[in-house]
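J.: Show me the folded form of this:
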Amino acid sequence: MDPPLPPARNMAIDEAIAIAFAKNKTHLAEATCPARVVPPTLRLYQWESPALTLGSFQKIDPTLRQFLEANPITPIRRITGGQALLHDRDLTYSIIASTHDPLFLGGIKKTFYSIAQGLLAGLQTLGISAKIHIPMRDNPSRRSPFCVVSLSWYEIAVSGGEKLIGSAQKRWIDHFLQHGSLPLEPSPLEKSLYEKKSITLSDLLNRLPSLSAIEEALKVGFETAWSIRLEKGDLTSKENQLVDYLLAERYTNAAWTEERVPQNQSRILGLF
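T.: Numbers count the residues shown, from 1 in each chain. Modelled structure (predicted):
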């Protein structure tokens with residue numbers, strides 16, 4: 001698991017991994033595969049300071065604006081979809097993989113479901129009784145601007161029906177990036193953001209396991225659900241270059257956060 005990092009860097013790292021992962025296919029097709037390619041990646045991380053991540057196409061409405069003005073919170077726009085999510089005392093995951101991987105064939109809902117199976121197995125390792133949510137129907141018009149308030153397809157809920165892990169995804173033709181968040185402890189900031197208190201890991205267990213225990217449980221959960229073995233890794237030099245570029249051009253850029261103004265794609269291609 002990565003150490004707590006600034007909000008902008010966390011988002012830049014996830015996108016950098018996704019971009020670098022996509023370039024693997026070009027190298028392999030051209031038979032010029034570098035010594036080290038970027039594998040499918042599960043990343044677990046925390047936040048150096050509280051942040052509010054916004055869905056890729058989400059507008060900053062008056063409710064969000066009021067919250068940001070009243071609290072020392074960093075707003076960051078994700079490239080994944082979904083609604084606003086407060087990151088404070090939570091554990092975030094990201095998964096980058098191929099849409100052609102047998103685990104994820106069948107479209108976006110199949111991908112959500114496959115990842116939910118890994119998350120559920122990890123929670124069961126910690127002793128938590130949870131379930132994969134399958135709604136009777138999808139009704140976007142009733143959704144809240146906050147991710148934690150409403151349950152969507154194949155998110156993780158507890159027996160009382162409360163959402164425990166929410167997720168959002170960005171898909172390209174050949175690969176995807178999925179984000180999700182597991183609240184560890186109640187955040188004092190959520191009182192001014194959500195109408196009701198969200199459920200957390202410590203609420204369910206009446207204690208909070210160590211971060212290493214939570215990380216290991218999630219790792220075992222994915223390995224069990226997917227019949228794989230996960231190995232630790234570090235960012236490549238190209239990924240680190242991408243992180244620096246994305247930090248400057250996207251994730252510390254007010255134009256991106258406020259209006260979703262894109263960065264220079266040709267410059268990204270030039271880094272490879």
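
J.: got any ranges where the chain has weak pLDDT?
T.: 25-36, 136-151, 192, 194-197, 262-272 (pLDDT under 70).

J.: switch the cut-off to 50
T.: Scanning the chain with the threshold set as pLDDT under 50 gives 26-35, 141-142, 147.

J.: just the helices in it please.
T.: 7-29, 62-70, 108-125, 201-205, 211-226, 237-246, 254-259, 265-269 (DSSP state H).

J.: Quick one: closest of those to V158.
T.: Of all these, helix 201-205 sits nearest to V158, with 6.5 Å by Cβ to Cβ. Quick note: C-beta positions are derived from backbone N, CA and C, even for glycine.

J.: roughly how far is the closest one from the heart of the chain?
T.: Distance, stretch centre to chain centre, for helix 201-205: 21 Å (Cα atoms, centre = their mean, to the nearest Å).

J.: Show me the contact partners of that helix.
T.: 126-128, 158, 164, 182-186, 208-209, 214 (Cβ atoms under 8 Å, 6 or more residues apart in numbering).

J.: I'd like the helices of the chain laid out as CSV, including distance to M1 and mean neighbour count.
T.: Listed next are the helices of the chain as CSV, based on distance: least, Cβ to Cβ, whole Å; neighbours: other Cβ atoms under 10 Å:
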stretch, distance to M1, mean neighbour count
helix 7-29, 12, 20
helix 62-70, 28, 13
helix 108-125, 13, 20
helix 201-205, 15, 17
helix 211-226, 5, 17
helix 237-246, 17, 18
helix 254-259, 26, 14
helix 265-269, 27, 11
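
J.: And those helices: which comes nearest G55?
T.: Here helix 62-70 is closest among those (Cβ to Cβ), at 11.0 Å.

J.: Drop anything exposed from the contacts of helix 201-205.
T.: The neighbour count (16 or more other Cβ atoms under 10 Å) marks L126, I128, V158, L164, L182, P183, L184, P186, P209, I214 as buried among the contacts of helix 201-205.

J.: Among the residues you listed, which ones are in strands?
T.: Judged by DSSP state E, the buried ones among the contacts of helix 201-205 include V158, L164, L182, P183 as members of strands.

J.: Any chance of the residues you listed in JSON lines with distance to E190 as columns?
T.: Listed next are those as JSON lines, based on distance: Cβ to Cβ, whole Å:
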{"residue": "V158", "distance to E190": "17"}
{"residue": "L164", "distance to E190": "14"}
{"residue": "L182", "distance to E190": "15"}
{"residue": "P183", "distance to E190": "9"}
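
J.: Not counting its neighbours along the chain, what's nearest the residue minimising distance to the centre of the chain?
T.: What sits nearest the mean C-alpha location of the chain, by Cα atoms, centre = their mean, is H179, with 1.6 Å. For H179, ignoring the flanking residues on the chain, the nearest one in space by Cβ to Cβ, 6 or more residues apart in numbering is T80 at 4.8 Å.

J.: didn't T224 look like it was pressed against A121?
T.: Yes - contact criterion Cβ atoms under 8 Å: T224 and A121 qualify, at 5.0 Å.

J.: about what we covered before: of all the ones in strands among the buried ones among the contacts of helix 201-205, which comes closest to L85?
T.: Closest approach to L85 among these (Cβ to Cβ): P183, at 9.9 Å.

J.: Please verify my assumption that the closest one contacts L164.
T.: Yes - with contact defined as Cβ under 8 Å, P183 counts as touching L164 (7.4 Å).

J.: Now list whatever residues contact both of the two.
T.: Joint contacts of P183 and L164 (Cβ under 8 Å, 6+ apart) are I199, L201.
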